[in-house]
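Novice: quick check, what structure comes out for this input:
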Amino acid sequence: MLTEITIQDYYQTKEAWPLIDVRSPGEYEQGHIPGAINIPLFSNDERAHVGTVYKQRSKEKAIELGYAYVTPQLQWFVDEARQLARNGQVVVHCWRGGMRSRSFAQHLRDNGFQQVLTIIGGYKSYRRFLLSTFSQPYHLQIIGGYTGSGKTHVIGHLMAAGHQVVDLEGLAKHKGSAFGSIGQSQQPTSEQFENNLFEQWRHFNLDQPIWLEDESCNIGKVNLPIALFQQMRQSMVYFLNVPREKRAELLAREYAFEDLGPLKMAVQRISKRLGGVVTQQCLDLLDQRQFYEVALLTLHYYDKTYLKGLNFRDQEKVHIIEGTDTDAEQNTLLLLNATKTYFVS
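Specialist: Have a look, this model is predicted:
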């Protein structure tokens, strides 16, 4: 007999057990539970074929086709699962805890696995649990500041000091601007971004503050969970006000790449906002490798854009911190002192 558990049960008691996701590779790539290993019952094409037969013919014909696809792989399923769970204990899930996970789990039980659990509601229940988690109220502390203020470096210092911090841009593989994809690996899907965010979030002590960088609702092509974004917009913002020249120096150091192609493409993406004259100036300066001057020119646009968004916030929840440089250690201390002052007052 198979044993079913909820996703909450899994996180509370069975997390150390290997987790097998039997959905198709395409489903897995779109979004999966971090740590889950994909042993697909069907390939992408096979799943599509079974679904078509189910809709156009009947459930019985779809099941018959499914068995035809699965039968040649039965031993492979066992071999792959045994490599993950040598002690014979494993958790299995599919999309909504239906036939795929139950059939796979029963096959493992029939072939010597001691304990095989399935997740009630499958991946769908995990997603509901995740989204409901982000709908809860939290004590968020938002790090604001114009582009180039070194907020990501401050996040690193906070994290190293043991504070509860999420590097949203790091998870999104994007720095948030038109230049944000340069030097980054491919972005995850929005769904997988949320999954990765939740994986970090669920380990936090939710009675303590959580630090996040101020972001728009999307980071590159990745979207923040709506409930979390709305809560971020209502939270206290600690705005690091660093001189533009210092920020331009930081950006010049971080974007001084040998290959100018991506930088030129990024400038052209914001050409309508920069204007034709400034765009051409930036492109000419890039050819001369004058990165500092390019940064100064583009910061005029980015500063106006960020200030516009900041003005939509409740100004009583915007705490300005005057900084003189982009030194992350110094600005982290300023930030922490500001939070103490704010809560004391």
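Novice: walk me through the domains of the chain.
Specialist: 3-131, 137-344 (automatic domain parsing).
Novice: what residues of the helix or strand of the chain with the lowest mean pLDDT count as buried?
Specialist: One helix or strand of the chain scores below all others by mean pLDDT, DSSP states H and E: helix 328-344, with a mean of 83. By neighbour count, with 16 or more other C-beta atoms under 10 Å as the criterion, the buried positions of helix 328-344 are Ala328, Asn331, Thr332, Leu334, Leu335, Leu336, Ala338, Thr339. No exception for glycine: its C-beta is placed from N, CA and C like everyone else's.
Novice: need the residues that contact that helix.
Specialist: If you take C-beta atoms under 8 Å, 6 or more residues apart in numbering as the criterion, helix 328-344 is touched by 141, 143, 149-150, 153-154, 156-158, 161, 209, 236, 238, 240, 242, 319, 321, 323, 325.
Novice: in strands, which of the residues you listed fall?
Specialist: Counted as lying in strands by DSSP state E, out of the contacts of helix 328-344, are Gln141, Ile143, Met236, Tyr238, Leu240, His319, Ile321.
Novice: can I get the residues you listed in CSV including neighbour count, distance to Arg128 and pLDDT?
Specialist: Below are the ones in strands among the contacts of helix 328-344 laid out as CSV (neighbours: other C-beta atoms under 10 Å; distance: C-beta to C-beta, whole Å; pLDDT from 0 to 100):
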residue, neighbour count, distance to Arg128, pLDDT
Gln141, 23, 28, 96
Ile143, 23, 30, 97
Met236, 20, 30, 94
Tyr238, 23, 33, 96
Leu240, 23, 37, 96
His319, 17, 36, 94
Ile321, 19, 39, 95
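Novice: the most centrally placed residue in the chain: what's it in contact with?
Specialist: The residue lying closest to the centre of the chain (C-alpha atoms, centre = their mean) is Phe193, at 2.6 Å. By C-beta under 8 Å, 6+ apart, the contact list for Phe193 reads Leu171, Ala172, Gln187, Val222, Asn223.
Novice: cutoff 7 Å now
Specialist: Going by C-beta atoms under 7 Å, 6 or more residues apart in numbering, Phe193 touches Leu171, Ala172, Val222.
Novice: could you count how many residues lie near the closest residue to the first one other than its chain neighbours?
Specialist: Going back to what we said before, that points to Leu171. Leaving out its chain neighbours, the residue that sits closest to Leu171 by C-beta to C-beta, 6 or more residues apart in numbering is Asn196, at 5.3 Å. Other residues within reach of Asn196, judged by other C-beta atoms under 10 Å, total 16.
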